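My questions concern the predicted model and sequence given below.
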Amino acid sequence: MSAPIEFSSAEKIATVTLSRPDHGNTIDRAMARALLEAAERCDDDDDIRCVVLTGRGKLFCGGGDVSAFSAAGADVSAFLEDLAETLHAAIMRLMHMRKPLITLVNGPAAGAGMSLAMIGDFALAARSAHFSPAYTALGLSPDGGMSWLLPRVVGLRRAQEIILSNRRVLSDEAERIGIVTRIVDGEQLLASGAELAAKLAAEPVAALGAVRRLLLESYDSTLEMQLEREMRSIAALGNSEESRRRVAAFVARRNSNG
């Protein structure tokens, strides 16, 4: 049986691919565990400077494996708790790691798959992609961080409408309201992602990681707290070798052009 997650790394870019195409890349326990392992690897490997998350086949991710829900029978509550706990640990690693994350949404994303699509700093989607909360149709509530992510991306009122009505959001609207960064023609998705990943991998990863942290913390901060965090962050980065080198190069260019 093939692995539910494919992992590759080249040129300081890690690619994590959801790989259950015959099951719509739906998430079962094995995939959740494999995704957590891949996320830990991306987080811990200092040679990796950018991470790409995508799916194999026609779907990006169809959410949780509903057949597994059914098979759990009377133990479904414990099953869902374990599945969500593992998936959430993977999402936390991906969102808190000190390197940028790109999601390449190669097709439809539903339930937790929609959540995974939104966790990228850059979310590129094929025109064939669409997004569905899916939970209420099964008598369930969101997981994967959707109730946190979607209101922050599109606003509370629109998030209420999308999740409570279980409305499908097509790619054009998803771009317009901010669920994805931009849409591209499907055949150009991987190339567009590779170009962006190469650009990010060449940037100062410590600075990008600091930006990720500051943005994530900002929702829990007062203005005063955030200003303090910004002060400490820029001061620490300013003393780094990479920042010193880049500042010196900037000054040299300016002086040579002056």
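That came through fine. Computed from a predicted model, the values in this text were never measured in an experiment. Numbers count the residues shown, from 1 in each chain.

Just read off the phi/psi values of Ala10.
phi -160, psi 140 (degrees, to the nearest 10).

So Asn166: helix, strand or coil?
For Asn166, the assignment made with DSSP: H, G, I helix; E, B strand; the rest coil gives coil.

Okay, it and Ala206: tell me how far apart.
41 Å (Cβ to Cβ, to the nearest Å). In short, each C-beta sits where N, CA and C put it, glycine included.

Looking at these two, which is more packed in?
Ala206 (17 against 14; other Cβ atoms under 10 Å).

got a list of what the more buried one touches?
98, 237, 240, 242 (Cβ atoms under 8 Å, 6 or more residues apart in numbering).

need these in a markdown table with neighbour count and distance to Ala32, can you?
Formatted as a markdown table, the contacts of Ala206 follow (neighbours: other Cβ atoms under 10 Å; distance: Cβ to Cβ, whole Å):
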| residue | neighbour count | distance to Ala32 |
| --- | --- | --- |
| Arg98 | 16 | 23 |
| Leu237 | 15 | 35 |
| Ser240 | 13 | 36 |
| Glu242 | 13 | 35 |
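
just how off-centre is the helix or strand bottoming out on mean pLDDT in the chain within its chain?
The weakest-scoring helix or strand in the chain, judged by mean pLDDT, DSSP states H and E, is helix 241-257 (a mean of 87). Taking Cα atoms, centre = their mean, to the nearest Å, the mean C-alpha location of helix 241-257 is offset from the chain mean by 33 Å.

cool, stretch 141-148 as well?
14 Å.

So which residues make contact with that stretch?
Stretch 141-148 has contacts (Cβ under 8 Å, 6+ apart) with 64, 84, 87-88, 91, 95, 111-112, 114-116, 118-119, 133, 135, 159, 163.
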